[in-house]
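**Q** Predicted model follows, preceded by the sequence.
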Amino acid sequence: MGAKASKPAQSAVRKFPSRAPGNAAPPHVRPPPSAQRTSKPQASFTKDDAIKADSIDPNPDPNPTTNPAFSQRLRQMGVATPNPTLSNSSTASSYPGFPEQGPQRSKFPSQAQNTTLNALEARQRMQERADVEFESVSQEREFLDVGTLKHILIMQGRGIPAADIEKRFRLKSGVVGRLGPKGVTLPL
């Protein structure tokens, strides 16, 4: 895997240690722990001049085209306080001194306008109708299970008329027609 030149470990001569086996190097001498630290740093919750001086960037602006006076004014202004917005997705809270801007609205759409909830409710209503239909053996059916659907598609593929298929499986009129013309849906 590669030229001989890329494998120096195989061509190099091995070097052995020049010390005698009993002559070990002296261990490193460490000063006692009390001599290492004389003062213990204390946590402080206030900023003194040393902390402020330490936080200032020695190179305040690497861009030579920026006006130093403008940069100094920005530093004096400090951090901006965001204004509350009227956006539904806004998480900004009201601040003292800002008037409330209209009534508080929910972050979520109303139940009548929530398409996800509407779809789930429609699915639940259809499931209830299907459960009632499958429990009642005597009436004609509109909902199909997977096995019945497969048999209907096989029969439709063999050219059996839709009315005969509906009669055999006791389906309501037009159920097979809603599956589409022959070839649109195929059994697996």
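**A** Yep, it's here.
**Q** residue boundaries of the helices in the chain?
**A** Assigned by DSSP state H, the helices in the chain fall at 8-11, 33-36, 49-55, 68-77, 115-135, 146-157, 162-168.
**Q** and Gly180, which of these is closest to it?
**A** Evaluated over these, closeness to Gly180 peaks at helix 146-157, with 9.5 Å, by C-beta to C-beta. No exception for glycine: its C-beta is placed from N, CA and C like everyone else's.
**Q** Could you list the residues in contact with the closest one?
**A** Leu144, Ala162, Ile165, Arg168, Phe169, Val176, Leu179, Lys182, Thr185, Leu186, Pro187, Leu188 (C-beta atoms under 8 Å, 6 or more residues apart in numbering).
**Q** quick check: mean pLDDT across it?
**A** Over the span of helix 146-157, the pLDDT mean works out to 90.
**Q** in it, what's buried?
**A** Ile152, Leu153, Met155, Gln156 (16 or more other C-beta atoms under 10 Å).
**Q** Which of the helices and strands in the chain ranks last by mean pLDDT?
**A** helix 33-36 (a mean of 54; mean pLDDT, DSSP states H and E).
**Q** which stretches of this structure have low pLDDT?
**A** 1-12, 19-41, 57-64, 82-109 (pLDDT under 70).
**Q** if you set the cut-off to 90 instead, what comes out?
**A** 1-117, 133-142, 145-146, 156-159, 178-188 (pLDDT under 90).
**Q** re earlier: need the buried residues of helix 146-157 in CSV (columns: distance to Gln139).
**A** Formatted as CSV, these follow (distance: C-beta to C-beta, whole Å):
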residue, distance to Gln139
Ile152, 18
Leu153, 23
Met155, 22
Gln156, 23
